[in-house]
Every structure is written in C-alpha cells, then in structure tokens.
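Asker: The following comprises the amino acid sequence and a computationally predicted model.
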Amino acid sequence: MHPKSAMPASALPAPAEEEADPRDRRGHRHRLGCIVLVCLCAVLAGARSLTAIGPWATNAPQHTLARLGARTTAPSAATIRRVLTSLDPTALTRMTTAADLAVLIIDGKSVRGSRTRDHQAMHLLAAMTPTGHVAAQIRVADKTSEIPALADVLDDLDIEGSVISADALHTQTETADHLVSERKAHYVLTVKRNQPNLFDQVKALPWAKAPALFTEIGRGHGRVERRTVKVLTAPRIAFPHAAQVLRVHRWVKELATGRVRRTYAYVITSLPAERADAARLAGLVRGHCRIEALHHVRDVNFGEDASRVRTGHGPQNMAMLRNLVIPLLAELGHTSIPEAVRWVSYEALSRPLGLLGLA
C-alpha cells in the first residue's frame, strides 16, 4: 500500500513548520501554516497574483481567520509576499500535498511570465497523480534538460511498485533502467520519432493482425472522439524491461464542420499483461492526457503565463498553489474550472475553507 501525505492543516507539527519557515524566528505573529492556508484560500477564490492574495486576508472575518489558525488580525500583504518569495518550494510541497503514489505522471511546464532580461523563463517539473495532486515539484536548472531532472523530482518519494508515466522526451534507456532496476517501479512511456530506432521497431509490429482490445467513445468540447487500443507483447523490442507495447488510434470528428482527424500514438511499458490489461493501459494514457490539459487551465484560467511574479521563489510557489487548488476545484463537479472558481467566489471568504476541510 502506498503512503499518502496529509491535506493542508491549520497547524503543522511545530519542528517541521519552524524548520521550513524562512523568517527570523523572533517576533512571529502568524505561523507559517496559517499563511500558506490563507494563500490557498485566496487562490481558490480566484486570486491570480501575490498582490491579489493580501486583500483576501484583509477582508476575511475573524471566525474565518480563526479557522486558519490566525491571531486576532490577518497576515499583512507584506508578510504574505515575504513568505512566498523566500519559502523553499520543496518545503511548500511537503507541507501541502495529498498524493497516492500508485501512479505518478511526470509533467513539465515553463512559467513564461517569470522571464527577465537576464534570466530565461523558469521551467518546472512535477510528479502528479492522475487527479492532479502534486507529489513533488522541482525547478529544472537553466540551460539543462528535463531528462536528468526526472530522477531528481522522484528522489525523495517512495515509488517502489509505482507506475511512472512520462512523455516521449523521457523515453530514454537510462531513464527506463533507473526506474525499474534502481527504484523498483514501472514505466509507461510515449514513443515518438525522437527515438527513431525504437519508433521504427514499434511501428513495424504486426498491428494489422492484432485485435482491438479496448474501445471508448467520448463527446465534449464540440467533438466526438473514439479511442481504440491494441496491445502486443514486446519480446524483441530493444528497450530495457519492455513488456508490452500499445497503439492508440484516435478518431475525432468536429461536430460543427464534420471534419475527421485520425492519429496513432504508441506507448511502451514495463508492466506485464498480468499486471495491466488493455483497459488499464488505456486509463494510464488517458490520465496523462488529462494532466497535460492542466497547462491550459493554469495559463488561461489562472493567468500563469501572464503573471509577473519574478522575485525569489515567488513564481515557483505561486505555480505550486495553482497546482494544489485545481484538483480541489475539479472535485466540485462543475462543468469547467472557471465555473467552479465563480461558485467559490460568490462566498469567497467561507467556501475555500470547506474545500480545505476546515469549515
């Protein structure tokens, strides 16, 4: 059974909180856990920037502040800014995530608004559950690649027995061997032409003779989509620990124009057939696609690329706050994230507490 970390709490264990707090230990009016919860509440209610978080705290009534562990007054905007720009992002991740580690999806994203004249945009790599909860997130060093950073983002997690899903950039022999041989995990990796020899081997398999083992049809966003999955064992594939290969055929029809698109995607996995049938593999691929769709939510609905937060750890911590609130909003069951944010905003000083389990 995989460990789960706790949801946000109004008071962290004192030693952990005191160790993580970047402020001088003297003269604190508000504990670090309280300030983090204030930030989460404000972002849940629609705050897109450091500047927008302060007014939420200022306007919160006393009973709301009490539930967050605040004293008689709210944390000031200056205190909130100082904490978010100086708090170690790794500490924020440990404090606030809730993650079942059975399946982890590796996902990278550049925070374009963090670019300055002297520094390129910050690039973040996260390990997330299929529901969007963040288990770990790191900043990829400037002028380096995501590829070696995959091992780093998973370094502090117990992933033995977990399934790690990643896009084609990470379909590397060293990565596959590291996950299976060293970390005792399994991989699900997309195969594209960036690995031409592997792609040619996978594409040349006898797919025409293979039966379709799983089909699903979905309708939404003005189109109908049918996904058909075929799976073959991979005894001759020259890739470490490869057990199965699947091909996903996507047939998409745009309802407004009648236009039809057909695409094929190939995926390789170390999961044997007795551990993962076609339906489970299709679910793992679908989960990865859902996580990639979060980029759109973060950019369009939370204005991440337009954000001008650039000081210290501010960009990374704001991105982490967005990551944390999106799955909470999704669980409300509204038709879209913007609709969920609007619903929260109608009672902005009380409904975020309910989502955090503090009402």
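Answerer: Perfect, I can see it now.
Asker: where does the protein dip in pLDDT?
Answerer: In the predicted model, the chain carries pLDDT under 70 at residues 1-19, 26-27, 96-99, 112-119, 303-310.
Asker: domain assignment for it?
Answerer: Segmentation of the chain into domains, based on automatic domain parsing, reads 14-97+310-355, 187-276.
Asker: Tell me which of those domains sits most buried.
Answerer: With neighbours taken as mean count of other CB atoms under 10 Å, these reach their highest mean count in domain 14-97+310-355, at a mean of 19. All C-beta atoms are positioned from the backbone trio N, CA, C, and that covers glycine.
Asker: Give me the distance from that one to the chain's centre.
Answerer: Taking CA atoms, centre = their mean, to the nearest Å, one finds the center of domain 14-97+310-355 at 18 Å from the center of the full chain.
Asker: now what about stretch 75-82, what contacts it?
Answerer: With contact meaning CB atoms under 8 Å, 6 or more residues apart in numbering, stretch 75-82 is reached by 23, 29-30, 34-35, 38-39, 50-51, 53-55, 57-58, 314.
Asker: Just name the closest of those residues to residue 129, please.
Answerer: Proximity of the contacts of stretch 75-82 to residue 129 (CB to CB) peaks at residue 39, which lies at 21.5 Å.
Asker: thought that closest one was touching residue 321?
Answerer: Yes - the pair residue 39 and residue 321 qualifies as a contact (CB atoms under 8 Å) at a distance of 5.7 Å.
Asker: Strands of the chain, start to end?
Answerer: Along the chain, counting by DSSP state E, strands occupy 103-111, 122-128, 134-140, 163-166, 186-191, 214-220, 223-233, 244-254, 260-269.
Asker: Centroid-nearest residue for this structure?
Answerer: Nearest to the mean C-alpha position of the chain, by CA atoms, centre = their mean, lies residue 128 at 4.1 Å.
Asker: Identify the bridge partners of that residue.
Answerer: With DSSP bridges as the criterion, residue 128 is bridged to residue 105, residue 134.
Asker: of the domains of the chain, which approaches residue 124 most closely?
Answerer: domain 14-97+310-355 (5.9 Å).
Asker: Tell me how far the residue sitting furthest away from the middle of the chain lies from residue 272.
Answerer: No residue in the chain sits farther from the centre than residue 209, which is 37.2 Å out by CA atoms, centre = their mean. For residue 209, the distance to residue 272 equals 21 Å [CB to CB, to the nearest Å].
Asker: right, and residue 172 touches residue 147 too?
Answerer: Yes - here residue 172 reaches residue 147: they are 6.1 Å apart, a contact under CB under 8 Å.
Asker: Give me the more crowded residue out of those two.
Answerer: Neighbours were tallied for residue 172 and for residue 147 using other CB atoms under 10 Å; the higher tally belongs to residue 172 (20 against 15).
Asker: how about the helices of the stretch 51-200 of the chain, start to end?
Answerer: Listed in chain order, the helices of the stretch 51-200 of the chain (DSSP state H, counting those that start in this stretch) span 62-67, 77-86, 89-96, 146-153, 173-177, 196-203.
Asker: With distance to residue 350 as extra columns, can I get these in TSV?
Answerer: As requested, these are exported to TSV (distance: least, CB to CB, whole Å):
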stretch	distance to residue 350
helix 62-67	7
helix 77-86	20
helix 89-96	20
helix 146-153	35
helix 173-177	46
helix 196-203	53
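Asker: So for residue 285, which of the ones you listed sits nearest?
Answerer: Of these, nearest to residue 285 by CB to CB is helix 196-203, at 14.4 Å.
Asker: That closest one vs strand 223-233, what angle?
Answerer: Relative orientation of helix 196-203 and strand 223-233, computed by axes from the mean of the first three to the mean of the last three CA atoms, to 10 degrees: 100 degrees.
Asker: for helix 196-203, packing partners?
Answerer: strand 186-191, strand 260-269 (3 or more CB pairs under 8 Å, 6 or more residues apart in numbering; DSSP states H and E).
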